[in-house]
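J.: need the 3D shape of this:
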Amino acid sequence: MSASPQERALRRDAFHKMNVPQKLDYIFTYYKLPILLGVIALVILCSAVHRQITKKEAVLYTAFINVSVGESLEDALTTQFLTRSGENARKNEVYLYHDLYLSDDASFVNHEYAYASRLKLLGAINARKLDLALMNREGYDILSQNGYLMDLSELTAENEALRQRLAPYLTANTVILEDNAIEYNLNEASSYKAVTENVVNAIEVSDLTVFRSAGFPDAVYLGVIANSARSEWVLRYLDYLLDPL
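T.: Model (predicted):
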């Protein structure tokens, strides 16, 4: 039941006669719930505004598979590329999936981590949020055999100049078109059989300027994911890697 005008007037008069500590205690006692709700709403609003202001748009998504990348190389592969492309690095980014490990070795010590990495990789591919993979030979073999990498002759079909510049670094690998792996693993087939083909689906980047001083112990490859939704950006990225200065 709401108070009468006289009661409200008496409360206002009593409130005005209170000292500061008494007023604060009165407000907290009678209005703490609305105040708390207001504070929560303000925090949520500020958080949403902050996320919107600082949110970056990913122009490319890149996975590091079985390779570890230092700060200098990571900067060259992300911020420096954006700057070279004339993009604002505060509003755009090359999104990175770090520390993914793939292996077909059943005795691999971190097989659970490898399994989790495979799931994360497949999730990114299915969501079309993966464009490039920087990987060692084992990672390259696994992605190639499973058909996850794009035929680079198709990617550069309309860019002959880029195709010629990439030519010294192009590598081919096996792609499994069909096999009897399921039957073989279920002991329904006496031997494993597969239909394969060799496809040019990566570039060996170890000797490129950007990677030369990275200290990789073995060859490193860069592949383009077959269902990449950002082919124009991929072409710009390859052009940058060939001439980063």
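
J.: if I look at residue 161, how far off is residue 150?
T.: Remark: distance between residue 161 and residue 150 (CB to CB, to the nearest Å) = 19 Å. No exception for glycine: its C-beta is placed from N, CA and C like everyone else's.

J.: give me the more crowded residue out of the two.
T.: In this view residue 161 and residue 150 are compared by other CB atoms under 10 Å, and residue 150 has more residues nearby, 21 against 9.

J.: looking at it, the more buried one is touching residue 226, isn't it?
T.: Yes - checked against CB atoms under 8 Å, the pair residue 150 and residue 226 is within contact range at 4.7 Å.

J.: residue 91 touches residue 82, doesn't it?
T.: No - using CB under 8 Å, residue 91 is not in contact with residue 82, being 9.4 Å away.

J.: neighbour count for those two, which is higher?
T.: Neighbour count, other CB under 10 Å: between residue 91 and residue 82, residue 82 has more, with 19 against 12.

J.: wait, what's in contact with the more buried one?
T.: Each residue near residue 82 by CB atoms under 8 Å, 6 or more residues apart in numbering is listed here: 59, 88-89, 92-94.

J.: out of those residues, which is most surrounded?
T.: Within those, most neighbours by other CB under 10 Å means residue 94, with 23 neighbours.

J.: could you point out the helix or strand that follows the helix or strand that residue falls within?
T.: Assessed by DSSP states H and E, residue 94 sits inside strand 92-100. Downstream of strand 92-100, the next assigned helix or strand under DSSP H and E is helix 111-126.

J.: for that following helix, packing partners?
T.: When contacts are defined as 3 or more CB pairs under 8 Å, 6 or more residues apart in numbering; DSSP states H and E, helix 111-126 packs onto strand 57-65, strand 92-100.

J.: against which helices or strands is the first one packed?
T.: Based on contacts counted as 3+ CB pairs under 8 Å, 6+ apart, the elements that strand 57-65 packs against are strand 92-100, helix 111-126, strand 132-135, helix 231-242.

J.: in this protein, which helix or strand is least confident?
T.: Least confident helix or strand, the chain: helix 20-54 with a mean of 65, by mean pLDDT, DSSP states H and E.

J.: look up the closest residue to residue 211, ignoring the ones flanking it.
T.: Spatial nearest neighbour of residue 211, excluding adjacent residues (CB to CB, 6 or more residues apart in numbering): residue 205 at 4.9 Å.

J.: now that neighbour: how far from residue 222?
T.: 5 Å.

J.: what sits in contact with each of these two?
T.: Shared contacts of residue 205 and residue 222 (CB under 8 Å, 6+ apart): 134, 241.

J.: ok, which of the helices and strands packed on strand 57-65 comes nearest residue 199?
T.: Nearest to residue 199, of all the helices and strands packed on strand 57-65, is strand 132-135, at 14.8 Å by CB to CB.
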